[in-house]
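Undergrad: what follows is a protein structure lacking sequence information:
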């Protein structure tokens, strides 16, 4: 039986169009951790060798207990990426799919499909999860790409430190500290079809006070309707750091993102009158103690021109939508060193308040508690002290455990352990295990959709309060090597993963009931056999990931990432085939002549099979392409026309360079069209000018 019926106590959850609908609506932030700074003092090779996210403190990548990818400010700039998902394509085994012009699906190692995005997004240690959906709105953030100092991507489960939603990995965006970087940076970009972007950042220090302010404006397609979209976005963000001396500092930051416009989606046209996402946060750092409090407020108003149609009959239509999410987060963390141990422990409380006139019961809330402990043990020093060994192996053991309790689902315990062996300063090996979870989203457990009805169905009551946490267990191994004084870096990672209690929409035709209308029978959407549930059985699979970064000479850099993965199923009714997928990304940055830099990025992915589910019934067969086949190239040419004190750069960026025959071969025939639910492969040519002081 796919989903238990209502009489047995479990009510089926959301319908196929409901996840698509909800994807268009929600996004909001909160949370914090320890101070992160001083990255601007490092060069590119040093930046690529330092990470703070894996263990919540700054450490060498060679000592990281997790597989990690570091993307620096220089790489972001050379890529020409104007949104976070575009730059994440450079990460091995990363899946990036476009749902509409402002909404991307992002996952890793195969953990992505509609409404099951599995990556946790942190912005300066602030959790940017959209709590209603359980994953972030990747492009609806208050920072500009100009403000980003670096991005760290943890490829693997992270719940032992970060709790729910760090299911398959973590993306951590670290912005420039106030008082660092250029005093003023401004850029102007103009692209085809009426696209215009302006961004600005100011940074200054006044004695013990450092201040940074960022702002951005973007408009698209307000001259033509060629891409069937027209929108404008506004961003503003402020960051203040007050140094009180004696290892005592106060940090205040806040931001706002707002957008409105018309978006074409495969669920229908979305007319968004207002989308506002604002947050404020205060953080106190007193030596090894960090205290944080944050508040975020999200609101959306709009109309989706979408009718629910069955056999040519429109069952109902969505009314005007209004949704609001308020989130309060408090967190305390303490770090302590003794003997040969580094302890980090902390507690977190999150309170979510939801209000919606269409999607859920009018007012509902959620409480979440998390408690975590991590210990890093320097085994080399212990062996040396206890056994008086002259040259013991350089071993570091990291062990962590977190307990999460919330008012939606059962408690979860998330352990992890990793052993890192530094063979030499330039070569290290890692073995690890981690357990993580994704709690059922509020949409999956509490969705109640009100409709403008045409046939007497005026409500979709699809709640399922008995869903269990989706869990993952992963065994990992990795190697990192540095050659020729760091000019060549090689990362090789492998993992074997088990997925259990997968939450997915499913139809059981043996249990479904029907409503008799004149001339037609309609499946009873509110009845048994339809909805979200924990699938029986599970999945398991293996992945292999390679990253090579080389700078043979100062004026030339090249990198290659490659990955291969395959998922096997324990239960064949939903997943009929195994699913091998490979991805290949490459890029090069070349200084053609003095002050003229050419950057190229090429992306390719292929999957051998598709997943087929619900093989019986009037909707059969339903085919889901988990990973689209994609080939495309990006290019950027930048010329520095003046140097300090006023540096100025002009250039051109071209995304998705494909000729007509290639677009037809890949199935994307529209020169500037969008395959919603797949990849946006439309050409984008941009001219830009950028200056800084």
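TA: Yep, that arrived. Bear in mind the structure is a predicted one, so any value in this text is a computation, not a measurement.

Undergrad: switch to C-alpha atoms for all contacts and neighbour counts from now on
TA: Will do.

Undergrad: and residue 386, how close does it get to residue 376?
TA: 18 Å (Cα to Cα, to the nearest Å).

Undergrad: tell me which of the two has more neighbours.
TA: residue 376 (21 against 8; other Cα atoms under 10 Å).

Undergrad: before we move on, which element is that one in?
TA: If you go by DSSP states H and E, residue 376 is part of strand 363-378.

Undergrad: buried sites along that strand?
TA: By 16 or more other Cα atoms under 10 Å, the buried positions in strand 363-378 come out as 368-378.

Undergrad: show me what it is in contact with.
TA: Residues from elsewhere that reach strand 363-378, judged by Cα atoms under 8 Å, 6 or more residues apart in numbering: 160-161, 163, 340-356, 395-408.

Undergrad: ends of stretch 407-417, how far apart?
TA: First-to-last residue span, stretch 407-417, Cα to Cα: 28 Å.

Undergrad: please identify the buried residues of it?
TA: Applying 16+ other Cα under 10 Å to stretch 407-417 flags 408-409, 411-417 as buried.

Undergrad: doesn't residue 581 make contact with residue 565?
TA: Yes - contact criterion Cα atoms under 8 Å: residue 565 and residue 581 qualify, at 5.4 Å.

Undergrad: quick one: which helix or strand includes the closest residue in space to residue 631 that isn't next to it in sequence?
TA: Distances taken as Cα to Cα, 6 or more residues apart in numbering place residue 604 nearest to residue 631, at 4.4 Å, with adjacent residues excluded. Using DSSP H and E, the element containing residue 604 is strand 596-607.

Undergrad: same question for stretch 631-651, mean pLDDT?
TA: In this model, stretch 631-651 carries a mean pLDDT of 91.

Undergrad: quick check: buried residues in that stretch?
TA: 631-640, 648-651.

Undergrad: among those residues, which ones are in strands?
TA: 631-640, 648-651 (DSSP state E).

Undergrad: of those residues, closest to residue 600?
TA: residue 635 (4.5 Å; Cα to Cα).

Undergrad: return the set of residues that bridge with the closest one.
TA: residue 600, residue 654 (DSSP bridges).

Undergrad: state the mean pLDDT of the helix or strand hosting residue 414.
TA: Taking DSSP H and E as the criterion, residue 414 maps to strand 412-424. Mean pLDDT, strand 412-424: 96.

Undergrad: go on, stretch 464-475?
TA: In this model, stretch 464-475 has a mean pLDDT of 91.

Undergrad: contact partners of it?
TA: By Cα under 8 Å, 6+ apart, stretch 464-475 touches 10-13, 156-157, 167-168, 408-410, 412, 431-440, 444-446, 495-503, 532-534.

Undergrad: could you name the helices and strands sitting against the strand or helix carrying residue 563?
TA: Per DSSP H and E, residue 563 falls inside strand 556-569. In terms of contacts (3 or more Cα pairs under 8 Å, 6 or more residues apart in numbering; DSSP states H and E), strand 556-569 is packed against strand 538-553, strand 581-593.

Undergrad: endpoints of stretch 640-650, how far apart?
TA: OK, stretch 640-650 end separation, Cα to Cα: 7 Å.

Undergrad: kindly report the same for stretch 107-120.
TA: 10 Å.

Undergrad: equivalent analysis for stretch 315-328, please.
TA: 39 Å.

Undergrad: how about it: buried residues?
TA: Buried, per 16+ other Cα under 10 Å, within stretch 315-328: 315-319, 321-328.

Undergrad: next one: stretch 283-298
TA: Here stretch 283-298 shows 283-286, 289-298 as buried, counting by 16+ other Cα under 10 Å.

Undergrad: could you pull out the helices for the stretch 351-500 of the chain?
TA: Secondary structure of the stretch 351-500 of the chain by DSSP state H, counting those that start in this stretch: the helices cover 379-387, 442-446.

Undergrad: buried sites along the longest one?
TA: By neighbour count on 16+ other Cα under 10 Å, the buried set for helix 379-387 is 379-383.

Undergrad: residue 233 reaches residue 219, doesn't it?
TA: Yes - counting by Cα under 8 Å, residue 233 sits close enough to residue 219 to count as a contact (6.5 Å).

Undergrad: ok, residue 390 - how many residues close by?
TA: When neighbours are counted by other Cα under 10 Å, residue 390 registers 9.

Undergrad: gap between it and residue 327?
TA: Counting by Cα to Cα, the gap from residue 390 to residue 327 is 54 Å.

Undergrad: give the contact list for residue 276.
TA: So residue 276 contacts 256-259, 297-300 (Cα under 8 Å, 6+ apart).

Undergrad: typo on my end, residue 89
TA: 95-96, 585, 603.

Undergrad: with residue 652 instead?
TA: Taking Cα under 8 Å, 6+ apart as the test, what residue 652 contacts is 636-638, 685-688.

Undergrad: show me where pLDDT drops low in the stretch 201-350 of the chain?
TA: Of all residues in the stretch 201-350 of the chain, those with pLDDT under 70 make up the ranges 222-229, 264-268, 310-312.

Undergrad: quick one: the strands in it, in order.
TA: Secondary structure of the stretch 201-350 of the chain by DSSP state E, counting those that start in this stretch: the strands cover 209-220, 230-245, 248-265, 268-286, 289-305, 307-310, 313-317, 321-338, 341-356.

Undergrad: need those in JSON lines (columns: distance to residue 131).
TA: Listed next are the strands of the stretch 201-350 of the chain as JSON lines, based on distance: least, Cα to Cα, whole Å:
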{"stretch": "strand 209-220", "distance to residue 131": "25"}
{"stretch": "strand 230-245", "distance to residue 131": "21"}
{"stretch": "strand 248-265", "distance to residue 131": "17"}
{"stretch": "strand 268-286", "distance to residue 131": "13"}
{"stretch": "strand 289-305", "distance to residue 131": "11"}
{"stretch": "strand 307-310", "distance to residue 131": "26"}
{"stretch": "strand 313-317", "distance to residue 131": "26"}
{"stretch": "strand 321-338", "distance to residue 131": "8"}
{"stretch": "strand 341-356", "distance to residue 131": "8"}
